[in-house]
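Enquirer: just a sequence and a predicted model for now, questions to come.
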Amino acid sequence: MVAAVLGLKARVLRHQLRREWWRALLLLGGVVWSLSLIPATFWVQRYLSTEASDVRATLLVGFATVCVAGWLVVPLLVTGLEDALDPGRFASLGVQARRLMPGLTIAAALTLPTLFFVAVFLILAGSWRYAGGEAVTVASVGGLLTVALMVVTARVAVAWSGRLLSSRRSRWGAFAGLVVVAAGLGPAVWLTFRDGVDSALAYEIPVILEWLGRTPVGAGMAAPGALAQGDVLGAVWRLALLAATVAVVHGAWRANVEYTLVHPTFRGAGTRRRGDAVLDARQRATGDGIAAAVRSRSLIYWRTDPRYLVGAIGVIALPLVFFALAMPVLGLDQRWGFAAPVMLAASIGWGRHNDVAYDSTALHLDIVAGRVGRAVMTGRTQAVLVWAVPLVALAALGLLAWTGQWDAAPGLIGACTGALGLTLGISAVTSVLLPYRAPAPGQNPFGAEVGAVGASLVAQLVSGAAMAAALPIVTVAFVLSLTADARWGWLALVAGTGLGVAGALAGVRAAGALYDRRAGRLLAAVS
Amino acid sequence: MTGTDARATALSLRGLTKRFGATLAVDGIDLDIPTHTFYGVVGPNGAGKTTTLSMATGLLEPDAGAVSVHGIDLWSRPDEAKPMIGVLPDGLHTFDRLTGAELISYAGLLRGMPKDVVRERRDDLLAALDLGSAGSTLVTDFSAGMTKKIGLACALVHAPRVLVLDEPFEAVDPVSAGAIRRILRAFVETGGTVVLSSHVMALVERLCDHVAVVGGGRILAAGTVDDVRGGVDLEERFVGLVGGQTDARDLTWLRQS
């Protein structure tokens, strides 16, 4: 069974490489990049080996924590964990999870990132060489177990988040949990760094890392430190704790594979709706009926489709990391905080650059209806504005209240409106011009379609570059109002609002025309 | 083609060609579907039926060739041609987070119809296709047959002149199939045109007055059902045209005794 699963993985990879040659370039690039980091790792190993053993252990715990957090978060944010071995594909074969798991586990271990991290952690284990052979052994075992923890955690995080989002009740639970984490993270980081980076590094961080060394996250790195100080028991229980955690998380992964094998992909969970949310949606008497229908339909999707919910939650990530992590850690001036709502507006807009593809082939309904591109793009953009405007306004108000700099309000409103409008306009155009395959309806929202990487890279680069070119236009005046003269804020207000509204309208109009012209190619591009 | 001829032809395909990579899926198909006919398109799996129908309805841009609906070029004047066609594609997703009722409303509103008309037709269609209880259920929870029926309702809601249906009876139960046949027959009797693709020869023989046999991306035979079958069973004729299986191997290991 192991050989069959691994053979399948190898064959899928070979076919992919044959069909899409640029994949080989990506793979090669990944290998070169990983290898280029190896000399630096040896340099770090030499540096660490000259430090005192407790300092060395602390630094390694910090490194492991960052890595574990990365493995947990990156697959969720960058929705692109390509998985040729999605257990759902084995569902019709009548294979038991018990027989499937060894193969899946080994396949997960044989990926480029896993091999890279194994190499890095083994090299770093060498930094214990002056503490004796036992310490190096313990460090190697701890390092391998830590990598194992990262690999299984990533699998479990993707699988279980997809499942959490598939029913309404668990969706609210997950959302509440996320809010609690986000609300807790900010104050915690601000508290840690309240007296500046140096003070935090000297007092708070070592305490946190010492505690992390007693959790599975850092136990593998702290174990050799304990051994070096003669605490054999401390080393043993840390490794045992880590091994037990890996086993438990691996069990959770297996439980999910078992579940996937007997549960078909997501269905509507028996939801019933009595009213007709499309026909009876409130709309202005003058509103275009087609655009209104598309808006109502899009709003139903934003409310209920896990893929859209993931997209909506994803936009908070960048501003949150900036505000709650980067600002306190770098000790930035309070005024930098104003960047957060602007970032939020821009990531909402940019995040929609593949909006059309999320319809998948359902967009045939729009295409057969005739030349409706303009109305379709208008309705879609309006649906985004329905939740984006209150969200950005809330963030801006929060920032103004936090800084107390209410005189920055006009400039902030201008910058936010401009960023939201321009990015939405750009996204409308790229989502018609460069759509790439998105997770199909009902599939795990965190999965990426096999074969989407090249097209998605191009679309993201183009829309990203367009955004990078457009954002300064609406933010420069605002920055000047904060740094030079507050009166610049009024120019920012006028320019941002004007350009934002004009950008969105022009983008939607251009996207609509493109939509009609490319109607016969869109369906093939998204399926 | 003169003006009257153009009007008498509901759907006209000229030199339609589509290539996917190295495969020539549709190889210069010419086909005229007269108004007021029930036209069947049959062919083996992979013959190019779905690709042809997709190009004929504006879903897939042809590499070459032209499509006209009642004399109006579909690809250059879509806003005049598309309102005349109702389309039921095969194997495509639909907006399945909507309920059945909402999906029909959506299709109607997209066609620019007024709300009260949409409401009336939506209720008529749900009743006529026996989808009453499905009106408040999400389409994602529908069975395959119900999904087909709701797709048909979306294709009918704007009262088109030409219906292009890809495998409309697949997975539909006999009772519903009877209802659909009744609806389509009445539609043709009152001057409408139906084009449907199917694998089931008996169904085509029973329902259609015209038939085209597609194979390898070309039209192998086309005309009235009687002309095409030429005195024999349509299925026999079909196998004769597309060629029977060359290696009819016996699976002796599958025998139970």
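Expert: Structure's in. What do you need? Residues are numbered from 1 along each chain as shown, chains lettered A, B, ... in the order given.
Enquirer: strands of the stretch 1-150 of chain B, start to end?
Expert: B:9-20, B:23-34, B:38-42, B:64-69, B:72-73, B:85-88 (DSSP state E, counting those that start in this stretch).
Enquirer: what's the closest of these to residue A:397?
Expert: When the strands of the stretch 1-150 of chain B are compared by CB to CB, strand B:85-88 sits nearest residue A:397, at 47.7 Å. Just so you know, the C-beta spots here come from the backbone N, C-alpha and C atoms, and that holds for glycine as well.
Enquirer: got a pLDDT number for residue A:423?
Expert: At residue A:423, the pLDDT value in this model is 95.
Enquirer: thinking it is in contact with residue A:343, fair?
Expert: No: using CB atoms under 8 Å, residue A:423 is not in contact with residue A:343; the gap is 10.7 Å.
Enquirer: tell me which of the two has more neighbours.
Expert: residue A:423 (29 against 23; other CB atoms under 10 Å in any protein chain shown).
Enquirer: to which secondary structure element is the more buried one assigned?
Expert: helix A:409-433 (DSSP states H and E).
Enquirer: thinking again about what came up before, looking at the strands of the stretch 1-150 of chain B, which is closest to residue A:126?
Expert: Each of these was scored for nearness to residue A:126 using CB to CB, and the closest is strand B:9-20 (53.7 Å).
Enquirer: that closest one - contacts with which helices or strands?
Expert: Helices and strands touching strand B:9-20, by 3 or more CB pairs under 8 Å, 6 or more residues apart in numbering or on different chains; DSSP states H and E, are strand B:23-34, helix B:49-56, strand B:64-69, strand B:162-166, strand B:193-198.
Enquirer: check contacts around residue A:345.
Expert: A:388, A:392, A:416, A:417, A:419, A:420, A:423 (CB atoms under 8 Å, 6 or more residues apart in numbering or on different chains).
Enquirer: what do you get if the cut-off is 6 Å, keeping everything else the same?
Expert: Neighbouring residues of residue A:345 by CB atoms under 6 Å, 6 or more residues apart in numbering or on different chains: A:392, A:416, A:419, A:420.
Enquirer: most neighbours among the residues you listed, which one?
Expert: Neighbour counts for the contacts of residue A:345 (other CB under 10 Å) peak at residue A:419, which has 32 neighbours.
Enquirer: quick one: low-confidence ranges for chain B?
Expert: Within chain B, the ranges that satisfy pLDDT under 70 run B:1-7.
Enquirer: which residues in it form helices?
Expert: Using DSSP state H, the helices assigned to chain B run over residues B:3-8, B:49-56, B:78-81, B:100-110, B:115-128, B:144-156, B:174-189, B:201-207, B:225-229, B:234-242.
Enquirer: so which bits of the fifth one are buried?
Expert: Applying a neighbour-count criterion of 16 or more other CB atoms under 10 Å in any protein chain shown, one finds B:115, B:118, B:119, B:121, B:122, B:125, B:126, B:128 buried in helix B:115-128.
Enquirer: equivalent analysis for the last one, please.
Expert: By neighbour count with 16+ other CB under 10 Å, helix B:234-242 contains the buried residues B:234, B:237, B:238, B:241, B:242.
Enquirer: distance to chain A added to these, as JSON lines?
Expert: Shown next, in JSON lines, are the buried residues of helix B:234-242 (distance: CB to the nearest CB, whole Å):
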{"residue": "B:234", "distance to chain A": "30"}
{"residue": "B:237", "distance to chain A": "33"}
{"residue": "B:238", "distance to chain A": "29"}
{"residue": "B:241", "distance to chain A": "29"}
{"residue": "B:242", "distance to chain A": "26"}
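Enquirer: nearest to chain A: which residue in chain B?
Expert: Closest to chain A within chain B is residue B:61: 3.0 Å, counting by CB to the nearest CB.
Enquirer: looking at the helices of chain B, which is buried most?
Expert: Between the helices of chain B, helix B:100-110 has the highest mean count of neighbours, a mean of 29, where neighbours are mean count of other CB atoms under 10 Å in any protein chain shown.
Enquirer: still on that earlier bit, out of the strands of the stretch 1-150 of chain B, which is closest to residue A:510?
Expert: Nearest of these (CB to CB): strand B:72-73, 24.9 Å.
Enquirer: separation between residue B:88 and residue B:175?
Expert: In this view, residue B:88 and residue B:175 are 19 Å apart by CB to CB, to the nearest Å.
Enquirer: I'd like the strands of the stretch 1-150 of chain B written out as a markdown table, with mean neighbour count added.
Expert: What follows is those, written out as a markdown table (neighbours: other CB atoms under 10 Å in any protein chain shown):
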| stretch | mean neighbour count |
| --- | --- |
| strand B:9-20 | 20 |
| strand B:23-34 | 18 |
| strand B:38-42 | 27 |
| strand B:64-69 | 20 |
| strand B:72-73 | 16 |
| strand B:85-88 | 26 |
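Enquirer: as a markdown table, the ones you listed with distance to residue A:527 would be great.
Expert: A markdown table is the format used below for the strands of the stretch 1-150 of chain B (distance: least, CB to CB, whole Å):
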| stretch | distance to residue A:527 |
| --- | --- |
| strand B:9-20 | 13 |
| strand B:23-34 | 15 |
| strand B:38-42 | 22 |
| strand B:64-69 | 21 |
| strand B:72-73 | 26 |
| strand B:85-88 | 16 |
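Enquirer: which residues in the stretch 101-250 of chain A form helices?
Expert: Along the stretch 101-250 of chain A, counting by DSSP state H, counting those that start in this stretch, helices occupy A:112-125, A:133-164, A:168-192, A:196-199, A:205-212, A:216-228, A:232-262.
Enquirer: near chain B, which residues of chain A?
Expert: Residues of chain A lying close to chain B (CB under 6 Å from any CB of the partner chain) are A:267-268, A:271-274, A:276-279, A:289-290, A:293, A:297, A:300-301, A:304-305, A:360-362, A:364-365, A:367-371, A:441, A:520-521, A:523.
Enquirer: quick check on these: which are buried?
Expert: A:268, A:271, A:273, A:276-279, A:289-290, A:293, A:297, A:300-301, A:304-305, A:360-362, A:364-365, A:367-371, A:441, A:520, A:523.
Enquirer: need the contact list for residue A:242.
Expert: Counting by CB under 6 Å, 6+ apart, residue A:242 touches A:145, A:216, A:219, A:220.
Enquirer: quick one: which of the residues you listed is nearest to residue A:56?
Expert: Nearest to residue A:56, judged by CB to CB, of the contacts of residue A:242 is residue A:220 at 13.7 Å.
Enquirer: and the closest residue in space to the closest one that isn't next to it in sequence, how many neighbours does it have?
Expert: Ranked by CB to CB, 6 or more residues apart in numbering or on different chains and with sequence neighbours excluded, the top spatial neighbour of residue A:220 is residue A:142, at 3.0 Å. Residue A:142 has 29 neighbours, counted by other CB under 10 Å.
Enquirer: look up how far chain B lies from residue A:142.
Expert: From residue A:142 over to chain B the distance is 46 Å, taken as CB to the nearest CB, to the nearest Å.
Enquirer: residue ranges with poor pLDDT in the stretch 1-150 of chain A?
Expert: By pLDDT under 70, the weakly predicted segments of the stretch 1-150 of chain A are A:20, A:23, A:77-84.
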